[in-house]
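S.K.: just coords:
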């Protein structure tokens, strides 16, 4: 087991850059998720770590060992595939022992390890079944057991829950996390599902067009996105196009369509800079009257109100024509389409994004 | 409604039955009468033609040679066809489609033309002999015509396209991710073949092998042209018996032996495979 280090990795196909100058330092025992839309380079990055493809330039280290150029079978990795990739002609226990047999473990050791893993994934009773005879969730657990049977330096997972239904996916998230924690294995997980990334990861790497947009803890990425892309990709967000007017202490004053907006921001910005202001729908309050001065407040009209169980999703059309999405508990809501309202939020609840 | 339309199928069915099964029946029936030569037959039912087949060393030798060259050709064709099928099946580019189309087209080029191509290539002053002579590997031109090797080559040439297409359709059913999974969990390329690809393609090898074997057993043109009258296989023997010796009953009995033996060989092979499969040696 070891950490994984990517050093200025570039992978190009002709003139297309699949992965462009990616550097990553994955700590030992960490659960790291590569998150992004399809074609963002997350799967390519995973395949580079696995060794199925070689970087155009840059180096990959497992611990202190430079593994660049080493074939996948000599890298000591475990991998879980989206379609599970269980061997249909082998039983569950034969699937789990596949890597052990290939690495010439002794028979008794193989049996002991397989029994331990069957217990870990709670599938003792299915040991002699074939993959066609077990369910999707069970198959996924077998795939994980197979991947960790010969303790890998790093466990790679390529959208492993994509084929499961929503309920099962949530259970499996907890399950995968539990197995990873129990074994203390370094894990790299690829997904395009932001809630999955939030639920499972120690850190998330948001990727877009082959480059890393932001690295951080789920909480950090959610509460302080550094770009419009990240803000939009992780959860819902309102983005307002503003200009910087004054900066004093850590409060930045901005101008939005002739109105003053205050935001907490500690980086210095030049006056007149065009920026984007990102506000989460759940941080916005909706009131019939203008809020107190300490808050930012904009006037608008309710244009849409959707009840979706735990929250009420309301769209407010501002005087500028922009729409603001608001989420509030259904109990608080008594607004109907056409009502004139004010939307307000605290200066510390908004983020200034530069691109 | 469906039943009424079904009725329209009955006349063509009867015609087909008469032409195919009827002629077969007459032919096979013929084999149970004594052959008096020149197309004449005896009047009493008898097994004399079959007894002659199974007691005459000439017929038995021909029978054995037919099975031998067919089996060798089928095995070699599988070995030769599998790598091609595998590479084409795993290709990601458009080239795969062109290659497949090329294989299909060349497979349906009439065998006569293909065999003449072979004869030219392998002839005394053909490419292969000249190269080997110039390299000093052989002392004088070697002809494949009239040798069993020649017949095997002809049969392989006849069936290789079919084997590639058959095996292609088997390989594409094995997801590449299984290969990745095997490799990533410690298997070398060789072990990936041993433990994953070959076992998963095994049923395809068996069925494909049998189909190619059957085609070889019944192949006439390539066997006749490359055998050059010196290597006889059963189909060639049947043709000679009918056309040159005008012994219809004898020819019919040979043909019937060929038919029944092919059916039996296929049946026994499949039963043997099923045994293995239930013993979990082969994939279900």
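M.R.: Cool, the structure landed. Treat the numbers as computed from the prediction; the structure is a model and nothing was measured. Numbering: from 1, shown residues only, chains lettered A, B, ... in the order given.
S.K.: Tell me how far residue B:83 lies from chain A.
M.R.: Look at residue B:83 and chain A: by Cβ to the nearest Cβ, to the nearest Å, they are 21 Å apart. Where C-beta positions appear, they are placed from N, C-alpha and C, glycine not excepted.
S.K.: next one: residue B:123
M.R.: Going from residue B:123 to chain A by Cβ to the nearest Cβ gives 47 Å.
S.K.: Please verify my assumption that that residue contacts residue B:142.
M.R.: No: between residue B:123 and residue B:142 no contact is recorded; they are 10.4 Å apart, counting by Cβ atoms under 8 Å.
S.K.: what about the helix or strand harbouring residue B:255, near chain A?
M.R.: Taking DSSP states H and E as the definition, one finds residue B:255 inside helix B:248-278. No: contact of helix B:248-278 with chain A (Cβ under 8 Å from any Cβ of the partner chain) is absent, the minimum separation being 10.5 Å.
S.K.: Can you give me the buried ones in that helix?
M.R.: B:248-258, B:262, B:265-266, B:273 (16 or more other Cβ atoms under 10 Å in any protein chain shown).
S.K.: Just give me the closest of those to residue A:232.
M.R.: Nearest to residue A:232, judged by Cβ to Cβ, of the buried residues of helix B:248-278 is residue B:273 at 57.6 Å.
S.K.: Quick check: nearest residue in space to the closest one, chain neighbours excluded?
M.R.: Nearest non-adjacent residue to residue B:273, counting by Cβ to Cβ, 6 or more residues apart in numbering or on different chains: residue B:206, 5.2 Å away.
S.K.: Now the biggest strand by length in chain A: average pLDDT?
M.R.: Counting residues, the longest strand in chain A under DSSP state E turns out to be strand A:296-308. Taken as a whole, strand A:296-308 carries a mean pLDDT of 86.
S.K.: ok, residues contacting it?
M.R.: Strand A:296-308 is touched from outside by A:256, A:259, A:261-263, A:290-291, A:312-319, A:323-324, A:330, A:333, A:335-347, A:350, with contacts defined as Cβ atoms under 8 Å, 6 or more residues apart in numbering or on different chains.
S.K.: Tell me where the stretch 51-200 of chain B has strands.
M.R.: Here the stretch 51-200 of chain B has no strands by DSSP state E, counting those that start in this stretch.
S.K.: those helices in it, which residues are they?
M.R.: B:57-90, B:95-107, B:111-122, B:127-135, B:148-171, B:176-184, B:189-192, B:198-218 (DSSP state H, counting those that start in this stretch).
S.K.: Redo those as JSON lines? Include mean neighbour count.
M.R.: Shown next, in JSON lines, are the helices of the stretch 51-200 of chain B (neighbours: other Cβ atoms under 10 Å in any protein chain shown):
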{"stretch": "helix B:57-90", "mean neighbour count": "18"}
{"stretch": "helix B:95-107", "mean neighbour count": "13"}
{"stretch": "helix B:111-122", "mean neighbour count": "15"}
{"stretch": "helix B:127-135", "mean neighbour count": "13"}
{"stretch": "helix B:148-171", "mean neighbour count": "22"}
{"stretch": "helix B:176-184", "mean neighbour count": "21"}
{"stretch": "helix B:189-192", "mean neighbour count": "14"}
{"stretch": "helix B:198-218", "mean neighbour count": "20"}
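S.K.: Turn those into TSV, columns for mean pLDDT.
M.R.: As requested, these are exported to TSV (pLDDT from 0 to 100):
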stretch	mean pLDDT
helix B:57-90	93
helix B:95-107	89
helix B:111-122	86
helix B:127-135	85
helix B:148-171	91
helix B:176-184	90
helix B:189-192	90
helix B:198-218	90
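S.K.: Now do the buried residues in the helix or strand that contains residue B:239.
M.R.: Counting by DSSP H and E, the element that carries residue B:239 is helix B:234-243. By neighbour count with 16+ other Cβ under 10 Å, helix B:234-243 contains the buried residues B:234, B:235, B:236, B:237, B:238, B:240, B:241, B:242.
S.K.: Check whether the third one really touches residue B:222, as I assumed.
M.R.: No: distance between residue B:236 and residue B:222: 10.1 Å, which falls outside the contact criterion (Cβ under 8 Å).
S.K.: Contact distance from chain A - what residues of the stretch 101-250 of chain B qualify?
M.R.: Taking Cβ under 8 Å from any Cβ as the contact definition, the stretch 101-250 of chain B meets chain A at B:175, B:177-178, B:180-188, B:191, B:195-196, B:199-200.
S.K.: 6 Å instead?
M.R.: For the stretch 101-250 of chain B, the residues in contact with chain A (Cβ under 6 Å from any Cβ of the partner chain) are B:177, B:178, B:181, B:183, B:184, B:185, B:186, B:187, B:188, B:199, B:200.
S.K.: So which of these is the closest to residue A:249?
M.R.: Lowest distance from residue A:249 to those (Cβ to Cβ) belongs to residue B:184, with 53.8 Å.
S.K.: Now do the contacts for the closest one.
M.R.: Shown in contact with residue B:184 (Cβ atoms under 6 Å, 6 or more residues apart in numbering or on different chains): A:72, A:77, A:79.
S.K.: Phi, psi for the last one please.
M.R.: Its backbone dihedrals place residue A:79 at phi -140, psi 140, with angles given as degrees, to the nearest 10.
S.K.: so where is the stretch 151-300 of chain A shaky, pLDDT-wise?
M.R.: Within the stretch 151-300 of chain A, the segments meeting pLDDT under 70 span A:266.
S.K.: before we move on, the earlier item: as JSON lines, the buried residues of helix B:234-243 with distance to residue B:157 and pLDDT would be great.
M.R.: Output for the buried residues of helix B:234-243, formatted as JSON lines (distance: Cβ to Cβ, whole Å; pLDDT from 0 to 100):
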{"residue": "B:234", "distance to residue B:157": "20", "pLDDT": "90"}
{"residue": "B:235", "distance to residue B:157": "16", "pLDDT": "91"}
{"residue": "B:236", "distance to residue B:157": "17", "pLDDT": "91"}
{"residue": "B:237", "distance to residue B:157": "21", "pLDDT": "90"}
{"residue": "B:238", "distance to residue B:157": "22", "pLDDT": "90"}
{"residue": "B:240", "distance to residue B:157": "22", "pLDDT": "89"}
{"residue": "B:241", "distance to residue B:157": "26", "pLDDT": "87"}
{"residue": "B:242", "distance to residue B:157": "26", "pLDDT": "86"}
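S.K.: Show me the two of these that sit farthest apart.
M.R.: The distance between the two most remote of those (Cβ to Cβ) is 12.6 Å, for B:234 and B:242.
S.K.: helix, strand or coil for the closest residue to residue A:330 other than its chain neighbours?
M.R.: Leaving aside its sequence neighbours, residue A:330 sits nearest to residue A:312 (Cβ to Cβ, 6+ apart; 4.6 Å). Following DSSP: H, G, I helix; E, B strand; the rest coil, residue A:312 is assigned to strand.
S.K.: What about residue A:312, how many residues nearby?
M.R.: Neighbours of residue A:312 under the rule other Cβ atoms under 10 Å in any protein chain shown: 20.
S.K.: What pLDDT is listed against it?
M.R.: As predicted, residue A:312 sits at a pLDDT of 85.
S.K.: cool, residue B:282 as well?
M.R.: Looking at residue B:282, its pLDDT reads 42.
S.K.: Next, residue A:244: phi, psi?
M.R.: Taking degrees, to the nearest 10 as the convention, residue A:244 sits at phi -70, psi 130.
S.K.: That one against residue A:267, yeah?
M.R.: No: applying Cβ atoms under 6 Å, one finds residue A:244 not in contact with residue A:267, separated by 10.9 Å.
S.K.: Of these two, which one has the most company?
M.R.: residue A:244 (20 against 9).
S.K.: tell me the contacts of the more buried one?
M.R.: Going by Cβ under 6 Å, 6+ apart, residue A:244 touches A:254, A:269, A:271, A:273.
S.K.: Can you tell me how far the last one is from residue A:242?
M.R.: The span separating residue A:273 from residue A:242 equals 9 Å under the rule Cβ to Cβ, to the nearest Å.
S.K.: returning to that earlier point: now for the helix holding residue B:255, which elements pack on it?
M.R.: Helices and strands touching helix B:248-278, by 3 or more Cβ pairs under 6 Å, 6 or more residues apart in numbering or on different chains; DSSP states H and E, are helix B:23-30, strand B:33-37, helix B:48-55, helix B:198-218, helix B:234-243.
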